[in-house]
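In: any chance you can model this:
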Amino acid sequence: MINPNQKLNSKLFDKDVEQVPIRKGFGEGLLKSAELDKNIVGLCADLTDSTYMNLFKQKFPERFVEIGVAEQNLASVASGMAAMGKIPFMTSYAMFSPGRNWEQIRTTICYNDRPVKIAGSHAGISVGPDGGTHQAIEDLAITRVIPNMVVISPCDSIEAKKATIACAKTKFPTYIRLAREKTPVITTEDSPFEIGKAQLLFSPKGDKKADVGIIVTGSLVYKALKVAENFEKEGEKLGLKVKVLNLSTIKPLDEEAVWRLAHETGAIVTVEEHQIAGGMGSAVSECLAKHFPAPIEFIGVKDKFGQSGTPEELIEHYEMGEKHIREAVKRVVLRKK
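Out: Numbers count the residues shown, from 1 in each chain. I've put the predicted structure just below:
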């Protein structure tokens, strides 16, 4: 059952559910934030339209800097502007920022604890035909290990907008992960969002105890919800009840929400469009190793590079589709003591 407290999209499971690119929410959130704070500036590495920073550029051309194809310079200039009191938002494809310019982000931005906001667009395998060189599936790992860095992975365009507005008000270096393709709109303007807080989106009807907790982030949240809905429809036929936790903030991790879900269910499935090693699933495992060890199954890329294909073909090929999440739920139940 959809958690009514989350005020999710009433047409969430309709065939014609609205679909919007997550990256568009970033552009809208940046524009809104810039209207409220004149210190916000925008920097881009020759991808203004693709990252939706064009919305900011059109309204505030005097506060926009086109760096060109020079991502290391992008990070260094943004850090310098932050040192002078500005709130820089810098964008590129995630493969190039934080990929290509990781050392500048680490040393120039995070080591100095500068409030630069890094938006990495076209993240994940669902970039599609661009292929393995442009599919950032290691970005959560390389950003969450840097001290002082906040890491956010929104589930839809509305949550991306809220995350952008929220991080504009913080004093921390922040990475926001954005997907390329249109994804279903899950949340609404009334849905709660807070950096560092997970959201319980789905629970069994009648407050019944769940058998498995699915912890998911980013563009695959909708698929996890569909799996939960299908288990609910099957009812006593299969007898599996699940909860779905949206981990929109990877760092700082909402450890209490994670270990409480594991304590209740005794089994966890993590789902992310990212390498299993070092990503959100690894963060969850680190948390549970400290607080409540429990069986875990991991959905994600299994130590491979990406390749060209349609987004949905690639999701299925790398075993991150609904059927794979469903199978992982059934596997992890069998591992419970």
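In: tell me the secondary structure for residue 200?
Out: strand (DSSP: H, G, I helix; E, B strand; the rest coil).
In: any idea of the pLDDT on it?
Out: pLDDT for residue 200: 98.
In: and if you look at residue 156?
Out: At residue 156, the pLDDT recorded in the model is 98.
In: who touches it in this structure?
Out: 20, 22, 25, 183, 184, 185, 186, 187, 221, 222 (CB atoms under 8 Å, 6 or more residues apart in numbering). In this view, the C-beta of every residue, glycine as well, is placed from N, C-alpha and C.
In: doesn't residue 179 make contact with the second one?
Out: Yes: counting by CB atoms under 8 Å, a contact exists between residue 22 and residue 179, whose distance comes to 4.5 Å.
In: for those two, indicate the residue with more neighbours.
Out: Neighbour tally, residue 22 and residue 179, criterion other CB atoms under 10 Å: the higher count belongs to residue 22, 31 against 28.
In: from the contacts of residue 156, list the buried ones, please.
Out: 20, 22, 25, 183, 184, 185, 186, 187, 221, 222 (16 or more other CB atoms under 10 Å).
In: which among these gets closest to residue 64?
Out: residue 25 (19.2 Å; CB to CB).
In: now tell me what touches the strand or helix carrying that closest one from outside.
Out: Residue 25 is part of helix 22-36, with elements assigned from DSSP states H and E. The contact list for helix 22-36 (CB under 8 Å, 6+ apart) reads 40, 42, 50-56, 59-60, 63, 89, 91, 119, 121-122, 154-165, 168-169, 176, 178-180, 183, 218-219.
In: so which elements touch the helix or strand just after it?
Out: Once the chain leaves helix 22-36, the next helix or strand it forms, by DSSP H and E, is strand 40-44. Judged by 3 or more CB pairs under 8 Å, 6 or more residues apart in numbering; DSSP states H and E, the packing partners of strand 40-44 are helix 22-36, helix 54-59, strand 64-66, helix 71-83, strand 87-93.
In: just these: most buried one?
Out: Highest mean neighbour count among the helices and strands packed on strand 40-44 (mean count of other CB atoms under 10 Å): strand 87-93, with a mean of 27.
In: could you give the angle of it to helix 22-36?
Out: Angle, strand 87-93 to helix 22-36, by axes from the mean of the first three to the mean of the last three CA atoms, to 10 degrees: 160 degrees.
In: who does strand 87-93 touch, helix- and strand-wise?
Out: Right, strand 87-93 is packed against strand 40-44, helix 71-83, strand 117-121, helix 157-168 by 3+ CB pairs under 8 Å, 6+ apart.
In: elements contacting the second one?
Out: What it means is helix 71-83. Going by 3+ CB pairs under 8 Å, 6+ apart, helix 71-83 lies up against strand 40-44, strand 87-93, helix 102-104.
In: turn these into CSV, columns for distance to residue 280 and mean pLDDT.
Out: Shown next, in CSV, are the helices and strands packed on helix 71-83 (distance: least, CB to CB, whole Å; pLDDT from 0 to 100):
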stretch, distance to residue 280, mean pLDDT
strand 40-44, 27, 98
strand 87-93, 20, 98
helix 102-104, 19, 98
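In: I'd like those written out as a markdown table, with distance to residue 260 added.
Out: Supplementary listing: the helices and strands packed on helix 71-83 in a markdown table, determined by distance: least, CB to CB, whole Å:
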| stretch | distance to residue 260 |
| --- | --- |
| strand 40-44 | 36 |
| strand 87-93 | 34 |
| helix 102-104 | 34 |
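In: out of these, the one nearest residue 68 is which?
Out: strand 40-44 (9.1 Å).
In: pull up the pairing partners for that closest one, direction included.
Out: strand 64-66 (parallel), strand 87-93 (parallel) (DSSP bridges).
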